[in-house]
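Chemist: only geometry, no sequence info:
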């Protein structure tokens, strides 16, 4: 495996706090200072902090995101994500936080960072969703599922061919479906970081299978790329913002839905898509929101892609942890066996025309 | 004794980290990393007694499918060799999609599933034993 990463300096070190205060003084307000800094319990990639800025007697808390040097989804690009968030304000009705500042100067905090709006709400995760208030009531779960599909409709309604979004969302010049480029990108990355001869064989098989079976390019829409509970800010069962746009791109209209139905995201209750509602109910809500029926074959294909993506990130996280990323990213080894079996079972079922998710 | 006690020591190390070291850490980031180390020690400690047998069993399953026995005695070396062989076999089967290749792919996948079940059973022993609060991917 390649070894390249170094650790970022502790954001609470004196050197970082002084540098941050100077940045705020120059770029926020001349009287601004750091009044508080607390790390959020968030993912293993880009760091998320709650930064309280004082200007005179007033304080404001914002979210500071610092770009990771290493992690499962490297290379990271906060500038692109900040650009997408800003562009979505112009090119869509998707609720996203405001981006206040982007700083690309790594000399200040060791890596680029953004200051973005802090939204007051909960960010339940699919793993802990059964403990979320209201989840035990099926009507409340249905309500959240309706919100999820409302958010999906807004994402798919984004005007991605318009600037400033168009320049940030890369599209391929050839006729291949966009998912094929993503499959190839992951395989190439893992061959490079893990070693071609050490790759889990199921990933090589699944990559070839996904390329061979990719549905023809149909309607192309904006794809979030990590569309799941865990990336939604909620007030009760209402989604007030969609987060984490680093994987956004253009793709098939059923790609995000297939990802949402990902089997590894409903281990605690496999009958509930996204840990919310059974498939038939999700289909009913989808039809009501989108005005058309779910194409099960396509959703199934993108569910298989989601499994491939998931296993790829687990392997990538393993390599990243060895190279200096957050050690938690390496603990995905415990899912290798289960995800391998799920991939094989779903590829077989798809070929047999059995699209039971 | 040497090979027996290493797993037990790792299990004990996880307990020490959790009960004797963690309470003294005030930094959230350091606690998070300590929790990850604790989970690793607990997992490997729990898997240790079955680890070598599971590896040997996976090797047998996979070697049977690719139709070769490397003759290498060291199980980890055998594992690396058989993974490389499987990767080549998948490449070859996908490159020539005839009826033989379809059957070949089916056999290779069945073998991977059987090996994954062995790994899953091993991990399940760790999941039962590991009581750390670390957030996993």
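Modeler: Good, I have the coordinates. What you are looking at is a predicted structure, and each value in this text was computed from that prediction instead of being measured. Residues are numbered from 1 along each chain as shown, chains lettered A, B, ... in the order given.

Chemist: Low-confidence ranges, chain B, go.
Modeler: B:128-137 (pLDDT under 70).

Chemist: Check the gap between the residue sitting nearest the centre point of it and residue A:83 for me.
Modeler: Centrality entry for chain B: nearest residue to the mean C-alpha point is residue B:119, 5.7 Å, by Cα atoms, centre = their mean. Here the criterion is Cβ to Cβ, to the nearest Å. By it, residue B:119 lies 41 Å from residue A:83. (C-beta placed from N, C-alpha, C; glycine too.)

Chemist: same question, residue A:161
Modeler: 16 Å.

Chemist: And for residue A:326?
Modeler: 25 Å.

Chemist: The two: which is more packed in?
Modeler: It is residue A:326, of residue A:326 and residue A:83, that has more neighbours when counted by other Cβ atoms under 10 Å in any protein chain shown, with 24 against 19.

Chemist: The more buried one is in contact with residue A:71, isn't it?
Modeler: Yes - using Cβ atoms under 8 Å, residue A:326 is in contact with residue A:71, at 6.7 Å.

Chemist: So for these two, which residues contact both of them?
Modeler: A:44-45 (Cβ atoms under 8 Å, 6 or more residues apart in numbering or on different chains).

Chemist: can you list the residues of chain B near chain A?
Modeler: Within reach of chain A by Cβ under 8 Å from any Cβ of the partner chain, chain B has these residues: B:27-29, B:32-33, B:35-37, B:39-40, B:43, B:80, B:83-84, B:86-87, B:89-91, B:94, B:97, B:105, B:108-109, B:112-113, B:116-120, B:122-123, B:126-127, B:134-137.

Chemist: residues contacting residue A:191?
Modeler: Contacts of residue A:191 by Cβ under 8 Å, 6+ apart are residue A:199.

Chemist: Please work out how many residues are found near residue 89.
Modeler: No chain was given, so I picked chain A. Neighbours of residue A:89 (other Cβ under 10 Å): 16.

Chemist: wait, I meant chain B there
Modeler: Neighbour tally, residue B:89, other Cβ under 10 Å: 21.

Chemist: On the three-state scheme, it is what?
Modeler: For residue B:89, the secondary structure call by DSSP: H, G, I helix; E, B strand; the rest coil comes out as helix.

Chemist: Please verify my assumption that it contacts residue B:68.
Modeler: No - proximity of residue B:89 to residue B:68 does not meet the contact threshold set by Cβ under 8 Å, at 10.2 Å.

Chemist: what's the overlap in contacts for these two?
Modeler: With contacts defined as Cβ under 8 Å, 6+ apart, no residue is shared by residue B:89 and residue B:68.

Chemist: can you point me to the longest helix in chain B?
Modeler: helix B:28-66 (DSSP state H).

Chemist: That one: which residues count as buried?
Modeler: Neighbour counts over helix B:28-66 (16 or more other Cβ atoms under 10 Å in any protein chain shown) mark B:31-48, B:50-51, B:54-55, B:57-59, B:61-63, B:65-66 as buried.

Chemist: Same question for stretch A:219-232.
Modeler: Residues of stretch A:219-232 classed as buried by neighbour count (16+ other Cβ under 10 Å): A:220-232.

Chemist: Restricted to helices, list those.
Modeler: Using DSSP H, none of these sit in helices.

Chemist: which of those come close to chain B?
Modeler: Applying Cβ under 8 Å from any Cβ to the buried residues of stretch A:219-232, none is adjacent to chain B.

Chemist: quick check, nearest of those residues to chain B?
Modeler: residue A:230 (11.4 Å; Cβ to the nearest Cβ).

Chemist: looking at it, that closest one is touching residue A:128, isn't it?
Modeler: No - with contacts counted by Cβ under 8 Å, residue A:230 stays clear of residue A:128, the gap being 9.1 Å.

Chemist: and the helix ranked longest in chain A, what does it pack onto?
Modeler: The longest helix of chain A (DSSP H) is helix A:296-322. With contacts taken as 3 or more Cβ pairs under 8 Å, 6 or more residues apart in numbering or on different chains; DSSP states H and E, helix A:296-322 sits against helix A:178-190, helix A:201-213, helix A:255-260, helix A:336-351.

Chemist: is stretch A:64-80 up against chain B anywhere?
Modeler: Yes - using Cβ under 8 Å from any Cβ, stretch A:64-80 reaches chain B at residue A:72.

Chemist: Cool, thanks, talk later.
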